[in-house]
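Enquirer: Generate a structure from the sequence data that follows.
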Amino acid sequence: MKKPLAVIVLNWNGSQDTCACLQTLLPEDDATIFVADNGSEPADFSSLSAFVSSLADKKQILSEDEFARMDSFPDQVYLIRHAENYGFAGGNNRVMERVLPFFDNVLFLNNDTEVPQGTFGRMLGYLSEHPEIGMLSCDIRYYFDKTKLWNAGGNLTFYGDRKYHSEKKIARLEAKGCESIACSFLTGCALLIRGEILEKHGGFTEDFFFGEEDFNLCMRYKKAGVRGVSLLQTVIYHKVGSSASRTSDSVARTTLHYLNRVVDMKRFYSRFYWRLWRRFYLFLVLLKGRGWGFSKEESRRLVSTVRTLSEERTQVDRETFLMIMKK
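Expert: Residues are numbered from 1 along each chain as shown. The predicted model follows:
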């Protein structure tokens, strides 16, 4: 008999946040927690493994090879040391593919989140009561300003983007006591998917080293008719800054984001339509650049880079990521 829930948390040089996240997950008896260390620095992994070792019982610390040989998961917490940084998709998929035969549902959870007690029970309860729903998320709030909405899902648009449900809309629905809102896009920050859906349609694409994984998954799932919702009375807190600011790598990060998107859309459009769409999409990006605080030259260089790199690429791998980010 399968267990109800596997929770997968990636750590990459973020042991302090990961340990704090685990503290909030430990009271959840209906969840088995898999922490995958994605090739962190030795000091960071040592801090994380020391914390897991300090747990009274029901824990294991494993190498990647040892984890691959597991044929049951009776304990509550597993820390797996990946041999390298596989990226968000690769790190999650390696754990998901191994544990999927043993669990009914899988929750992908960011390590910089904190989860109030009872959250998983409400999520699983909703899936039990609504067999037509294949995936869900919830009301994700800023950890450092819990009155502000960070993400509650949204919908994929006809022009190859996503439109998030607004804070005002979510507040209005919550005030009415609405339990959920339909979404065709859900963030990978906290994404619960039925095991049968993952078995049939797969997990995150590994064609993108950083970013785009949840968008691609939701596009594929929408085409397959998988229905998703965000639970409005269930809250998770995310440790991200509540205000955006222009940093030295903003142009690089924005370039990476739009390169990911333009390359990704190749698989959903015909080549002819994709080129028409790309022209329209990058024109919108050029117009938006000034609003992001970019100079005309920065905006033009961003669009030119995306246009050039997207022409022949079918993925944005680690090398391309490092080239754009100049790391």
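
Enquirer: Quickly note the distance from Ser184 to Asn151.
Expert: Ser184 is 14 Å from Asn151, where distance means C-beta to C-beta, to the nearest Å. Glycine gets a C-beta too; all of them are placed from N, C-alpha and C.

Enquirer: who has more neighbours, the two?
Expert: Asn151 (23 against 18; other C-beta atoms under 10 Å).

Enquirer: quick one: low-confidence ranges for this protein?
Expert: Residue ranges of the chain with pLDDT under 70: 241-248, 327.

Enquirer: which outside residues touch stretch 281-291?
Expert: By C-beta atoms under 8 Å, 6 or more residues apart in numbering, the residues outside stretch 281-291 that reach it are 159-160, 258, 261-262, 296, 298-300, 302-303, 306-307.

Enquirer: rerun that using 7 Å as the cut-off
Expert: Stretch 281-291 is contacted from outside by Tyr159, Gly160, Tyr258, Val262, Glu298, Ser299, Leu302, Val303, Val306, Arg307, using C-beta atoms under 7 Å, 6 or more residues apart in numbering.

Enquirer: which one among those gets closest to Gln16?
Expert: Closest to Gln16 out of the contacts of stretch 281-291 is Tyr258 (31.6 Å), distances taken as C-beta to C-beta.

Enquirer: So the nearest residue to that closest one once chain neighbours are set aside versus His257, what's the distance?
Expert: What sits nearest to Tyr258 in space, not counting adjacent residues and going by C-beta to C-beta, 6 or more residues apart in numbering, is Val306, at 4.9 Å. Applying C-beta to C-beta, the value for Val306 to His257 is 9 Å.

Enquirer: Same check on Lys223?
Expert: Taking C-beta to C-beta, one finds Lys223 at 22 Å from His257.

Enquirer: ok, the two, which is more surrounded?
Expert: A count of neighbours by other C-beta under 10 Å puts His257 above the other of Lys223 and His257, at 16 against 10.

Enquirer: For the more buried one, give me its contacts.
Expert: Taking C-beta under 7 Å, 6+ apart as the test, what His257 contacts is Gly211.

Enquirer: and what of Thr157?
Expert: Residues counted as contacts of Thr157 (C-beta under 7 Å, 6+ apart) are Lys163.

Enquirer: For Leu79, see how far away Thr113 is.
Expert: Thr113 is 18 Å from Leu79, by C-beta to C-beta.

Enquirer: Identify each of the helices in the stretch 51-200 of the chain and give its residue range.
Expert: Counting by DSSP state H, counting those that start in this stretch, the stretch 51-200 of the chain has helices at residues 64-68, 87-99, 119-129, 167-175, 195-201.

Enquirer: possible to save these as CSV with mean neighbour count and distance to Ile236?
Expert: Listed next are the helices of the stretch 51-200 of the chain as CSV, based on neighbours: other C-beta atoms under 10 Å; distance: least, C-beta to C-beta, whole Å:
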stretch, mean neighbour count, distance to Ile236
helix 64-68, 14, 26
helix 87-99, 21, 17
helix 119-129, 17, 6
helix 167-175, 14, 14
helix 195-201, 16, 20
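
Enquirer: quick one: which of those is nearest Pro27?
Expert: Nearest to Pro27, of these and by C-beta to C-beta, is helix 119-129 at 9.9 Å.

Enquirer: Send me the closest one as PDB with only the CA atoms.
Expert: C-alpha atoms of helix 119-129 as PDB (Å, rounded to 0.1, in the frame of the first residue of the first chain):
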ATOM      1  CA  THR A 119      -1.300  22.300   5.800                       C
ATOM      2  CA  PHE A 120      -0.600  18.900   4.200                       C
ATOM      3  CA  GLY A 121      -3.700  17.400   5.700                       C
ATOM      4  CA  ARG A 122      -5.900  20.100   4.100                       C
ATOM      5  CA  MET A 123      -4.200  19.700   0.800                       C
ATOM      6  CA  LEU A 124      -4.600  15.900   0.800                       C
ATOM      7  CA  GLY A 125      -8.200  16.200   2.000                       C
ATOM      8  CA  TYR A 126      -9.000  18.500  -0.900                       C
ATOM      9  CA  LEU A 127      -7.600  16.000  -3.400                       C
ATOM     10  CA  SER A 128      -9.500  13.200  -1.800                       C
ATOM     11  CA  GLU A 129     -12.800  15.100  -2.100                       C
END
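
Enquirer: which secondary structure elements does it contact?
Expert: Helices and strands touching helix 119-129, as assessed by 3 or more C-beta pairs under 7 Å, 6 or more residues apart in numbering; DSSP states H and E, comprise strand 3-11, strand 133-142, strand 227-238.

Enquirer: For whatever helix or strand comes next after the last one, C-alpha coordinates in CSV please.
Expert: Spelled out, it's strand 227-238. Next along the chain after strand 227-238, taking DSSP states H and E as the criterion, comes helix 250-264. Only the C-alpha atoms of helix 250-264 are listed here, as CSV (Å, rounded to 0.1, in the frame of the first residue of the first chain):
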residue,chain,number,x,y,z
SER,A,250,18.9,42.3,-13.5
VAL,A,251,19.5,42.5,-17.2
ALA,A,252,21.2,39.1,-17.3
ARG,A,253,18.4,37.5,-15.2
THR,A,254,15.7,39.0,-17.4
THR,A,255,17.6,37.9,-20.5
LEU,A,256,17.7,34.3,-19.1
HIS,A,257,14.0,34.4,-18.3
TYR,A,258,12.9,35.4,-21.8
LEU,A,259,15.4,33.1,-23.5
ASN,A,260,13.9,30.3,-21.5
ARG,A,261,10.4,31.3,-22.5
VAL,A,262,11.1,31.8,-26.2
VAL,A,263,13.0,28.5,-26.5
ASP,A,264,10.3,26.7,-24.5
